[in-house]
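Visitor: starting from these lines, generate the structure:
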Amino acid sequence: MNITVMDVKNVIAKLCDIVIKNEVYFCELDSAAGDGDFGMSLSKGFKEVKKQLDEIETGDVSRFVKGCAMIITEYCGGASGPIWGSAFRAAALSVKGKETIRETDVPLMLHAAIEGIRKRGGAKLGDKTLLDALIPAQETMETSLREGKPFREAVADAAQSAEQGAENTKKITANKGRASYLGERSINYPDAGAVAISVIFKSFA
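Guide: The predicted structure is shown next:
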């Protein structure tokens with residue numbers, strides 16, 4: 001199935017709504033081991049994306065996603081702007097020049113996003129960050145599609161993996177971000193970014 005720029009635009013619009021809807025919830029999660037402003041920081045950027053959605057260039061998928069990345073980088077507060085902006089920018093570059101993408105391009109874009117986050121923040125799997133949900137989600141989606149599962153089912157499988165990954169962050173001592181200052185006191189609390197990834201995937205599933 002071909003995924004058009006307008007399809008991607010609709011997905012981003014839904015993503016904006018999910019982030020905005022969960023602003024308070026994400027802040028509450030972050031207050032346990034962070035500054036408590038994660039939801040507000042993230043929502044600030046995606047509110048601006050939603051506001052400018054019809055003004056972002058739609059010549060091809062890459063240019064559209066890159067346009068979103070620029071807004072996210074500029075308007076998301078704290079560390080969220082550079083991290084999420086880098087993810088979107090890397091995802092855009094992975095499909096450069098494509099007016100349409102295939103379902104199999106989605107996990108490739110997610111993989112690029114993961115690498116973008118790694119390069120920007122230096123985080124890896126097990127550091128109690130959003131990558132602890134995003135990496136298993138990406139790997140599961142890629143595997144499910146390779147096995148011939150329908151895209152909808154692959155997204156549902158990815159959502160389960162993201163949820164489990166986010167849950168597992170409760171057992172991890174934070175190595176990145178403000179939560180890392182708490183050391184073992186960050187245990188028993190999930191990472192807000194990982195939960196955000198889980199919520200996003202579950203909403204789409």
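Visitor: so what's the residue count around K171?
Guide: When neighbours are counted by other CB atoms under 10 Å, K171 registers 10. No exception for glycine: its C-beta is placed from N, CA and C like everyone else's.
Visitor: quick check: it touching I187?
Guide: Yes. Under the criterion of CB atoms under 8 Å, K171 makes contact with I187 at 6.7 Å.
Visitor: which residues in the chain form helices?
Guide: Residue ranges of the helices in the chain, as given by DSSP state H, are 5-21, 23-31, 38-52, 61-75, 80-93, 105-121, 131-146, 151-168, 192-204.
Visitor: name the residues of the last one that come out as buried.
Guide: Going back to what we said before, that points to helix 192-204. The neighbour-count check on helix 192-204 (16 or more other CB atoms under 10 Å) flags 192-202 as buried.
Visitor: can those residues go into a markdown table with extra columns for pLDDT and distance to A166?
Guide: As requested, these are exported to a markdown table (pLDDT from 0 to 100; distance: CB to CB, whole Å):
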| residue | pLDDT | distance to A166 |
| --- | --- | --- |
| A192 | 92 | 9 |
| G193 | 94 | 9 |
| A194 | 96 | 4 |
| V195 | 97 | 5 |
| A196 | 97 | 8 |
| I197 | 98 | 7 |
| S198 | 98 | 4 |
| V199 | 98 | 8 |
| I200 | 98 | 11 |
| F201 | 98 | 10 |
| K202 | 98 | 10 |
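Visitor: can I get the residues you listed in JSON lines with distance to D127?
Guide: Converted to JSON lines, the buried residues of helix 192-204 look like this (distance: CB to CB, whole Å):
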{"residue": "A192", "distance to D127": "14"}
{"residue": "G193", "distance to D127": "11"}
{"residue": "A194", "distance to D127": "10"}
{"residue": "V195", "distance to D127": "15"}
{"residue": "A196", "distance to D127": "16"}
{"residue": "I197", "distance to D127": "14"}
{"residue": "S198", "distance to D127": "17"}
{"residue": "V199", "distance to D127": "20"}
{"residue": "I200", "distance to D127": "20"}
{"residue": "F201", "distance to D127": "20"}
{"residue": "K202", "distance to D127": "23"}
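Visitor: tell me the one of the residues you listed nearest I56?
Guide: Closest approach to I56 among the buried residues of helix 192-204 (CB to CB): I200, at 19.5 Å.
Visitor: okay then, goodbye and thanks.
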